[in-house]
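A.B. asks: Sequence and predicted structure below; questions after.
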Amino acid sequence: MSYIQMLASIKRRKPEMSKYELIDLIRMRTGMYIGHSSPTHLNSFLSGYFFAKKDETIKEEKPDFHGFHDWVAIKFDYYESTSGWAYMIEDQREDEKEALYLFYELLDEYRGIEHQQIANVDFNHEDKTDRTWRGYSRLKKVRGTFKAIPKPLPKTLAIREIELKETWFQMVAKNSKNEILFLWSSTELEKVYKRAKEIFGIKKDEWKIKKENGS
């Protein structure tokens, strides 16, 4: 499906929406919609979509998405926000996809959306991790083409529940600096447990389940 066809498909499904609603719609499978997973590519997609709708009614959003530029600039001690949120966030990570993960974390913080952690585990499965899987890699440009380079192994993993228009679950792998190395999402919790076992060798009974009282 081409970029124009993708935009038309979204407009048919949701003829009137805010930037937040569009982002929430494509969030779980961002790469499928924008082709290359990075904040700058996402920003270009959003700009193209709303340029196409410039003569149509756009829903108001709170807080105003435009304020996100200044908010990010203050967050990372930029003198000004003229470069835009996408470039500022991308500058925080060496990998563009990991910068996109950071974008979603920051946007949720800006919107006041909280994540409920339901399980966690300290990583100690170096011998069981599938580091050949392309999804857990960083793409480096080598002689005009992209080559998959295995990522560092995580320090901790967590499963959290996110409620936007629907409830879905997300596996989060972080390094020792608490930076997100990897996200994988599904509307089905069992699929998240299954993916954790496939990639990191973590069995379901190894997860520490967070009880309702926080213990």
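C.D. replies: Structure's in. What do you need?
A.B. asks: where does this structure dip in pLDDT?
C.D. replies: Residues of the chain that meet the criterion pLDDT under 70 lie in 1-16, 53-60, 141, 211-215.
A.B. asks: Quick check, central residue of it?
C.D. replies: residue 101 (3.6 Å; Cα atoms, centre = their mean).
A.B. asks: And that one, how close does it get to residue 206?
C.D. replies: Distance of residue 101 to residue 206, given as Cβ to Cβ, to the nearest Å: 23 Å. Any C-beta I mention is one placed from the backbone N, CA and C, and that applies to glycine too.
A.B. asks: Could you do residue 39 as well?
C.D. replies: 33 Å.
A.B. asks: These two: who's more crowded?
C.D. replies: Neighbour tally, residue 39 and residue 206, criterion other Cβ atoms under 10 Å: the higher count belongs to residue 39, 27 against 17.
A.B. asks: and this structure, what are its domains?
C.D. replies: Under the assignment automatic domain parsing, the domains of the chain span 1-113, 115-215.
A.B. asks: mind saving the C-alpha coords of the longest helix along the chain as PDB?
C.D. replies: Counting residues, the longest helix in the chain under DSSP state H turns out to be helix 96-111. Extracted C-alpha coordinates of helix 96-111, given in PDB (Å, rounded to 0.1, in the frame of the first residue of the first chain):
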ATOM      1  CA  GLU A  96      16.200   5.900  15.400                       C
ATOM      2  CA  LYS A  97      13.700   3.200  16.400                       C
ATOM      3  CA  GLU A  98      14.800   3.500  20.100                       C
ATOM      4  CA  ALA A  99      14.200   7.300  19.700                       C
ATOM      5  CA  LEU A 100      10.700   6.500  18.500                       C
ATOM      6  CA  TYR A 101      10.200   4.500  21.700                       C
ATOM      7  CA  LEU A 102      11.400   7.500  23.600                       C
ATOM      8  CA  PHE A 103       8.900   9.700  21.700                       C
ATOM      9  CA  TYR A 104       6.000   7.600  22.900                       C
ATOM     10  CA  GLU A 105       7.200   7.700  26.500                       C
ATOM     11  CA  LEU A 106       7.500  11.500  26.400                       C
ATOM     12  CA  LEU A 107       4.200  12.000  24.700                       C
ATOM     13  CA  ASP A 108       2.400   9.900  27.300                       C
ATOM     14  CA  GLU A 109       4.100  12.000  30.000                       C
ATOM     15  CA  TYR A 110       3.100  15.200  28.300                       C
ATOM     16  CA  ARG A 111      -0.500  14.000  28.000                       C
END
